[in-house]
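Asks: Next comes the sequence, and after it the predicted model I'd like to discuss.
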Amino acid sequence: QSQDEAQDSCVISPKSIVGDACASFSTLDRLNQNIRPAVNDLTHSTDFFSHYRVNLFHKRCPFWNDENGMCGNIACAVETLDNEKDIPLVWRASELGKLEGPRAKHPGKRAQKERPLKPLQGKLGDNVGESCVVEYDDECDDRDYCVPEDESAASKGDYVSLLRNPERYTGYAGDGARQVWDAIYRENCFQRSSFPHAASLGKTTKPKGPAAMDFKAVIDAAGRQQNLEQQRQQNPLTPFVAKTGLEYEDECLEKRVFYKVMSGMHASISTHLCWDFLNQTTGQWQPNVNCYVNRLHKFPERISNLYFNYALLTRAIAKLGPYLSRHEDYTFCMGDRDQDAATRAKVLAVTEKAASVPHIFDESLMFTNGEGPSLKEDFRNRFRNVSRLMDCVGCDKCRLWGKLQTAGYGAALKVLFEFDNSENPEPPVLKRTELVALFNTYARLGSSLEAIQKFRGMVEEAEAAEVTPDQKKFEERIKEAEKINVIPDRAKKPHHVVVPSSPSEPVSSEHVDGEGEEEKQDRTVKEEFEAELQRVMKAFKIVIRGYLGLPGLLWNIAISELNRLWQFYIGLPVSPRTWRLERPSLNDEL
Ligand SMILES: Cc1cc2nc3c(=O)[nH]c(=O)nc-3n(C[C@H](O)[C@H](O)[C@H](O)COP(=O)(O)OP(=O)(O)OC[C@H]3O[C@@H](n4cnc5c(N)ncnc54)[C@H](O)[C@@H]3O)c2cc1C
């Protein structure tokens with residue numbers, strides 16, 4: 001990686017990036033399978049990582065007025081079912097979104113000093129090691145990518161159990177939710193001055209290997225996604241990824257990464273709510289395949305973004321490992337040596353496994369051009385705005401996980417861009433909240449990857465069992481296309497056309513188009529000859545048309561097969577085959 005290339009960081013240079021981003025989808029799936037048990041162990045069985053401090057109730061949405069009905073409060077979130085009042089209370093969105101389990105207020109400095117081992121006075125339960133849960137240092141750091149949870153002087157937030165509040169379907173939807181997502185994607189509007197002409201235009205290095213293609217595919221979809229989404233609403237046939245030839249003109253890697261982080265987070269939330277879905281009329285929690293198909297399966301680039309986030313966080317966690325093991329004095333649990341040692345061992349088990357796949361993401365390519373520092377500042381401010389937007393989310397559980405995940409990505413970006421940084425030779429210390437958020441966000445992504453694998457299996461099974469509506473639609477389209485291009489079966493197999501060697505030679509009854517023997521006998525030889533000649537001409541035209549159309553047909557088949565191979569290679573759902581070999585039906589001939 002030459003310095004020149006690195007400095008030209010706004011050029012998406014798949015080749016140079018792929019040096020550090022050569023993880024294919026299947027590699028990430030394998031890594032996830034390998035690392036999941038350690039991540040689950042860490043986030044499920046340690047007090048440190050299973051509790052989170054968050055200010056959920058004392059912040060107002062800073063971007064729009066909560067009271068005018070456009071807010072994200074549960075009161076104005078549109079409920080999904082018309083007849084919600086008819087269903088039992090426990091299945092209603094208003095209930096599903098509430099926090100469960102015990103909650104403990106952040107203790108004041110005095111309580112922390114007086115009762116260092118029980119500062120929360122047992123409010124989270126008798127078995128919880130409170131010295132692992134309480135956050136002692138409240139200092140903010142301007143290198144943070146997220147609004148630190150302790151920013152507000154009014155409230156220091158509450159400690160809640162993450163295990164008691166799994167991220168799943170809550171019924172939160174409608175205008176409130178949409179407004180938050182819209183505002184999040186609007187943050188991806190970097191000032192144009194952030195992208196100097198020299199750094200943003202032109203030179204695109206063509207990807208060379210499959211790994212380069214992987215990364216290019218991941219990066220490509222990002223910047224124009226929103227426009228495409230809008231276009232697609234009017235015209236469903238708009239492609240997912242438009243190739244305009246100007247792809248790199250006004251977008252740089254940083255902007256794409258920002259978009260991908262948001263879209264990947266959105267995809268992960270969607271995956272969890274579809275996987276842990278409540279049928280509000282039967283009260284059954286179960287995976288909802290339709291939910292998955294409509295939100296993710298039909299949008300491979302959203303799934304790509306999810307994988308991208310997984311790669312990003314894997315890199316951050318791998319990078320964090322040496323810092324955590326070097327800083328022996330980092331204490332997870334002040335008052336419990338055994339738990340402290342056990343927690344450290346579990347964290348290191350995760351960081352070591354994360355480091356087992358090197359070259360996943362090369363953060364050194366970001367913020368390295370002339371405008372680097374201001375672009376970084378812009379990036380950080382936008383990220384902070386997204387953090388603040390979480391206060392506009394109108395469902396407690398969604399807000400909890402939304403805040404945790406933005407804090408998790410913020411912590412990952414801090415590790416990627418502030419550690420090993422010549423401006424800050426001393427790496428910033430990660431606060432407890434950031435560590436908990438980072439590892440739990442990683443756990444969320446891993447669980448999304450796993451759920452997507454299972455969903456994909458379900459879709460394949462369903463497709464094998466019956467013709468899905470999509471397939472039907474697809475076949476209808478093919479029929480329409482065939483009508484236009486008129487490539488009849490017989491044209492594909494011209495040798496089935498029987499041309500008599502002489503006009504007088506009798507034509508086999510199989511090829512007479514239903515004409516009866518009697519009628520044939522009544523015809524004069526001339527009429528017989530003309531009819532036969534017409535048939536020959538017709539057959540000839542069909543054959544010629546078939547031959548002319550053959551290269552196009554073969555080209556379409558090759559493209560469709562390459563596309564399917566590519567989808568298989570990068571681990572995306574493979575689209576159904578668009579063609580099949582068939583024996584021509586003789587009845588259909590002429
Ligand atoms: C921060 C936050 C956390 C949430 N947490 C939960 C939760 O835990 N449980 C729960 O049940 N609901 C949760 N919700 C609500 C949930 O995300 C959806 O908003 C809701 O289910 C309605 O979905 P929808 O189909 O209208 O589309 P939405 O998911 O609201 O999406 C809105 C639009 O964004 C675009 N879009 C969708 N996905 C992507 C993507 N991955 N990348 C790019 N663009 C995309 C599409 O154009 C879509 O129409 C949360 C909402 C927010 C804002």
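Replies: Cool, the structure landed.

Asks: Run through the neighbouring helices and strands of the helix ranked longest in the chain.
Replies: For the chain, the longest helix by residue count, based on DSSP state H, is helix 525-569. Secondary-structure packing of helix 525-569 (3 or more C-beta pairs under 8 Å, 6 or more residues apart in numbering; DSSP states H and E): helix 489-492. Every C-beta, even on glycine, is put in place using the N, C-alpha and C of the backbone.

Asks: same thing but at 10 Å, please
Replies: On a contact count with 3 or more C-beta pairs under 10 Å, 6 or more residues apart in numbering; DSSP states H and E, helix 525-569 meets helix 25-45, helix 210-223, helix 469-485, helix 489-492, helix 517-522.

Asks: Buried residues of the first one, list them for me.
Replies: Translated: helix 25-45. Neighbour-count burial for helix 25-45 flags 25, 27-29, 31-32, 35-36, 38-39, 42-43 (criterion: 16 or more other C-beta atoms under 10 Å).

Asks: Return the per-residue confidence for the residue lying closest to I570 once chain neighbours are set aside.
Replies: Excluding the flanking residues, the one nearest I570 by C-beta to C-beta, 6 or more residues apart in numbering is F25, at 4.5 Å. Note for F25: predicted pLDDT of 79.

Asks: which ones are touching A411?
Replies: 144-146, 313, 316-317, 320, 430-431, 433-439, 441 (C-beta atoms under 10 Å, 6 or more residues apart in numbering).

Asks: before we move on, back to that, quickly, which of the helices and strands packed on helix 525-569 bottoms out on average pLDDT?
Replies: helix 489-492 (a mean of 32).

Asks: Tell me what A173 is bridged to.
Replies: With DSSP bridges as the criterion, A173 is bridged to V78.

Asks: Could you check how far the nearest residue to G157 once chain neighbours are set aside is from the ligand?
Replies: Leaving aside its chain neighbours, G157 sits nearest to N55 (3.7 Å; criterion: C-beta to C-beta, 6+ apart). Relative to the ligand, N55 is positioned 15 Å away (C-beta to the nearest ligand atom, to the nearest Å).

Asks: Same check on V261?
Replies: Between V261 and the ligand the distance is 11 Å, computed by C-beta to the nearest ligand atom.

Asks: just S560 next, same as before
Replies: 26 Å.

Asks: again with K526
Replies: On the measure of C-beta to the nearest ligand atom, K526 and the ligand end up 68 Å apart.

Asks: Local confidence estimate at the closest residue to the ligand within the stretch 451-590 of the chain?
Replies: Using C-beta to the nearest ligand atom, the closest approach of the stretch 451-590 of the chain to the ligand is made by I452 at 12.1 Å. On the pLDDT scale, I452 is placed at 94.

Asks: Now it, what are its backbone angles?
Replies: Per-residue torsions, I452: phi -70, psi -40 (degrees, to the nearest 10).

Asks: Pretty sure it sits against Y307.
Replies: Yes - I452 is within contact range of Y307, at 9.1 Å (criterion: C-beta atoms under 10 Å).

Asks: quick one: which of the two has more around it?
Replies: Y307 (28 against 25; other C-beta atoms under 10 Å).

Asks: and A354, what is it in contact with?
Replies: Taking C-beta under 10 Å, 6+ apart, one finds 31, 34-35, 38-39, 313-321, 360, 442 in contact with A354.

Asks: same thing with M458?
Replies: Per C-beta under 10 Å, 6+ apart, neighbours of M458: 287, 289, 292-293.

Asks: before we move on, which element is it in?
Replies: Taking DSSP states H and E as the definition, one finds M458 inside helix 432-465.

Asks: buried ones in that helix?
Replies: For helix 432-465, the neighbour count (16+ other C-beta under 10 Å) marks 432-452, 455-456, 459 as buried.

Asks: Stretch 314-328 too?
Replies: 314-321, 323-324.

Asks: Kindly format the C-alpha coordinates of that stretch as PDB.
Replies: Only the C-alpha atoms of stretch 314-328 are listed here, as PDB (Å, rounded to 0.1, in the frame of the first residue of the first chain):
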ATOM      1  CA  THR A 314     -14.400  -7.600  14.500                       C
ATOM      2  CA  ARG A 315     -11.500  -5.400  13.500                       C
ATOM      3  CA  ALA A 316     -12.200  -3.000  16.400                       C
ATOM      4  CA  ILE A 317     -12.400  -5.900  18.900                       C
ATOM      5  CA  ALA A 318      -9.300  -7.500  17.600                       C
ATOM      6  CA  LYS A 319      -7.500  -4.200  17.900                       C
ATOM      7  CA  LEU A 320      -8.700  -3.700  21.400                       C
ATOM      8  CA  GLY A 321      -7.300  -7.100  22.600                       C
ATOM      9  CA  PRO A 322      -3.700  -6.100  23.000                       C
ATOM     10  CA  TYR A 323      -4.700  -3.000  24.900                       C
ATOM     11  CA  LEU A 324      -6.900  -4.900  27.300                       C
ATOM     12  CA  SER A 325      -4.300  -7.600  28.000                       C
ATOM     13  CA  ARG A 326      -1.500  -5.100  28.300                       C
ATOM     14  CA  HIS A 327      -3.400  -2.900  30.700                       C
ATOM     15  CA  GLU A 328      -3.500  -5.500  33.500                       C
END
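
Asks: now the residue nearest to T281 when sequence neighbours are not counted: how far from the ligand?
Replies: Once flanking residues are discounted, T281 sits nearest to I87: 6.5 Å by C-beta to C-beta, 6+ apart. To the ligand, I87 is 16 Å away according to C-beta to the nearest ligand atom.

Asks: how many other residues sit next to I87?
Replies: 14.

Asks: per-residue confidence at it?
Replies: 73.

Asks: ditto for the one 5 residues further on
Replies: As predicted, R92 sits at a pLDDT of 80.

Asks: ok, it to K98 distance?
Replies: 10 Å (C-beta to C-beta, to the nearest Å).

Asks: tell me the phi and psi of the residue nearest to G157?
Replies: phi -90, psi 100.

Asks: residues in contact with L404?
Replies: When contacts are counted by C-beta under 10 Å, 6+ apart, L404 touches 52, 54, 149, 160, 162, 167, 390, 433, 436-438, 440-441, 444.
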